[in-house]
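Participant: I would like to see how this sequence folds:
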Amino acid sequence: MKVSNETKVGALTIIAITLIILGFNFLRGKTLFKSGNFIYAKYTDTKGLIISNPVYVNGFQVGTVFDIENKSADLSQIIVSIKLNNVYNIPTNSIATIQDNPLGTNSIAIVLGDAKSFLKSEDTIKTAPAASLLGDLMNTLSPLGEQTKKTISNLEKVLSNINKVLNEQNRANIEQILSNLSTATISLNKSMESLEAMLQNQSGSIAMTANNLNSFSKNLNDNNKKINDIISNLDTTTKQIKDIDLSKTIKDIQVVVGELTQTIHNLNNGDGTAAKLLNDPTIYNQLQGTIKSINTLVDDVKTHPKRYVNLSVFGKKDKSAPLIKPIADTTP
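Facilitator: Numbering: from 1, shown residues only. So this is what the prediction gives:
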């Protein structure tokens, strides 16, 4: 059977178109026949995800997006088919999120869970929304914007309260306070100048005090031996005082004081001669009379010596009457 040229051209054209379609799908990561390991993910927003977008686990590409299908009229449930390049142990509690990259290709990132069981082919993986880079930035700036608004509002209230507080009288008081503060600052500067003058190396009073202390220290150092001798003498004297039996001396003094007390008591209350001399007026009067007689005799001897001693050969004897009381008693 002879095939016409037109039939050959048509067959070649169909084959070429088929090869182009298969090659295009292959380049997109989609084969004509569905074979291999597939898992599915359900999203409400695919964020511009397209077929052949990569799928990563810990930054390593484990597959590609094979197909995207809508299963509801309101587009609330979009199923994404993920074709894995190999058999991987992906825990059943892993989560697939869409990573929106405005500067590059969107992708799916699978965050591995910690379950002991693993996903099988044709299983559905859990999903979670993931904000884009711009969305993260806006979500971060949004609370800051609200906080900034609140801060500005509070600042306005504070400024309003300050304006209410700072009336004319309070402004005058603040001016007076500032003036007093300026005066205090001037006084403080003068005090600092005085202190600086005191701290001068040559003429300052503090320097002079330091010099006096140095001189005093030098004197102490020069007289160190004398001070040591004095301290040694004090130690020796203290040791001698310590070695003295003070308790025995005190006991002896107590005995003497007791005996003296007893003697005084006997003189006041006893019958002896000393007690009578101190307490008997008769003995005192007799003793006083005896002394008076002796004084009279002495005065008589002085007045009439010839009566008792006659030394003159030719003299005559003194025949005058003797004294009967001392001359001191006769004189007015």
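
Participant: Every contact and neighbour count from this point should use C-alpha atoms.
Facilitator: Noted.

Participant: Domain boundaries for the protein, per the record?
Facilitator: 1-33, 35-135 (automatic domain parsing).

Participant: how about low-confidence regions in the chain?
Facilitator: Scanning the chain for pLDDT under 70 picks out the ranges 1-3, 24-35, 130-145, 165-167, 198-207, 270-278, 306-307, 309-332.

Participant: could you show me where the helices are in it, in order?
Facilitator: 5-27, 133-165, 168-198, 205-222, 224-243, 246-269, 273-279, 281-303, 327-330 (DSSP state H).

Participant: would you turn these into JSON lines with mean neighbour count and distance to Ile51?
Facilitator: Formatted as JSON lines, the helices of the chain follow (neighbours: other Cα atoms under 10 Å; distance: least, Cα to Cα, whole Å):
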{"stretch": "helix 5-27", "mean neighbour count": "12", "distance to Ile51": "10"}
{"stretch": "helix 133-165", "mean neighbour count": "12", "distance to Ile51": "21"}
{"stretch": "helix 168-198", "mean neighbour count": "12", "distance to Ile51": "73"}
{"stretch": "helix 205-222", "mean neighbour count": "13", "distance to Ile51": "90"}
{"stretch": "helix 224-243", "mean neighbour count": "11", "distance to Ile51": "103"}
{"stretch": "helix 246-269", "mean neighbour count": "12", "distance to Ile51": "119"}
{"stretch": "helix 273-279", "mean neighbour count": "15", "distance to Ile51": "149"}
{"stretch": "helix 281-303", "mean neighbour count": "14", "distance to Ile51": "156"}
{"stretch": "helix 327-330", "mean neighbour count": "11", "distance to Ile51": "166"}
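
Participant: wait, which of the ones you listed is closest to Gly104?
Facilitator: helix 133-165 (11.6 Å; Cα to Cα).

Participant: could I get stretch 180-195 in PDB with only the CA atoms?
Facilitator: Below are the C-alpha coordinates for stretch 180-195, written out as PDB (Å, rounded to 0.1, in the frame of the first residue of the first chain):
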ATOM      1  CA  ASN A 180      18.400  81.200  91.800                       C
ATOM      2  CA  LEU A 181      20.000  78.300  90.000                       C
ATOM      3  CA  SER A 182      22.300  80.600  88.200                       C
ATOM      4  CA  THR A 183      23.200  82.300  91.400                       C
ATOM      5  CA  ALA A 184      23.900  79.000  93.000                       C
ATOM      6  CA  THR A 185      26.000  78.000  90.100                       C
ATOM      7  CA  ILE A 186      28.100  81.200  90.500                       C
ATOM      8  CA  SER A 187      28.500  80.500  94.200                       C
ATOM      9  CA  LEU A 188      29.500  76.900  93.400                       C
ATOM     10  CA  ASN A 189      32.100  78.200  90.900                       C
ATOM     11  CA  LYS A 190      33.500  80.500  93.700                       C
ATOM     12  CA  SER A 191      33.600  77.500  96.100                       C
ATOM     13  CA  MET A 192      35.400  75.500  93.400                       C
ATOM     14  CA  GLU A 193      38.000  78.300  93.000                       C
ATOM     15  CA  SER A 194      38.500  78.400  96.800                       C
ATOM     16  CA  LEU A 195      38.900  74.700  96.800                       C
END
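
Participant: who touches that stretch?
Facilitator: Residues from elsewhere that reach stretch 180-195 (Cα atoms under 8 Å, 6 or more residues apart in numbering): none.
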